[in-house]
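Novice: All I have is the shape, not the residue letters:
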């Protein structure tokens, strides 16, 4: 039988470990996918998504296929770095998380703007952004709490 004290230890461990895993999984994925945006394969892989987006298709005029992909990669890597800075600069981390909320909402919009994507088995790749969106909302709130606690001298 699990004691109340054991349950409490498991709870504390799960909350602490879950915070680390959530934050740095988002960071890792953003770094990976952001770095991939510099490759021609990834640039062409996202082309149909961007071309059908009313928000982003205009980028192909001034930047071209590869330049547009790199544009997105720069922001993904910058957001990853910002979120990773949470232990030292929680306000910067909060800004990175807020940016990711907008970014993941944008990528989820591709499900609506890209013809046939919702029925495509590849849509699952975009659907992962729903989980990343939830994680970004959480990391934003957690980082803002850290800012408030630091200012109040709690931590």
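Specialist: Sure, I can see it. Just so it is clear, the structure is predicted and the values come from calculations on it, not from any experiment. Residues are numbered from 1 along each chain as shown.

Novice: so where's this structure uncertain?
Specialist: Applying pLDDT under 70 to the chain flags residues 155.

Novice: same for the longest helix anywhere in it, what does it pack against?
Specialist: Using DSSP state H, we find that the single longest helix of the chain is helix 4-36. Contact here means 3 or more C-beta pairs under 8 Å, 6 or more residues apart in numbering; DSSP states H and E; on that basis helix 4-36 packs against helix 60-84, helix 123-152. For every residue, glycine as well, the C-beta is placed using N, CA and C.

Novice: Show the contacting residues for the most centrally placed residue in the chain.
Specialist: What sits nearest the mean C-alpha location of the chain, by C-alpha atoms, centre = their mean, is residue 100, with 4.6 Å. Neighbouring residues of residue 100 by C-beta atoms under 8 Å, 6 or more residues apart in numbering: 26, 30, 79, 83, 132-133, 136, 139.

Novice: now do 10 Å
Specialist: 26, 30, 75-76, 79-80, 82-83, 129, 132-133, 135-137, 139-140 (C-beta atoms under 10 Å, 6 or more residues apart in numbering).

Novice: Closest to residue 18 out of these?
Specialist: Checking these against residue 18 with C-beta to C-beta, the nearest one is residue 135 at 10.3 Å.
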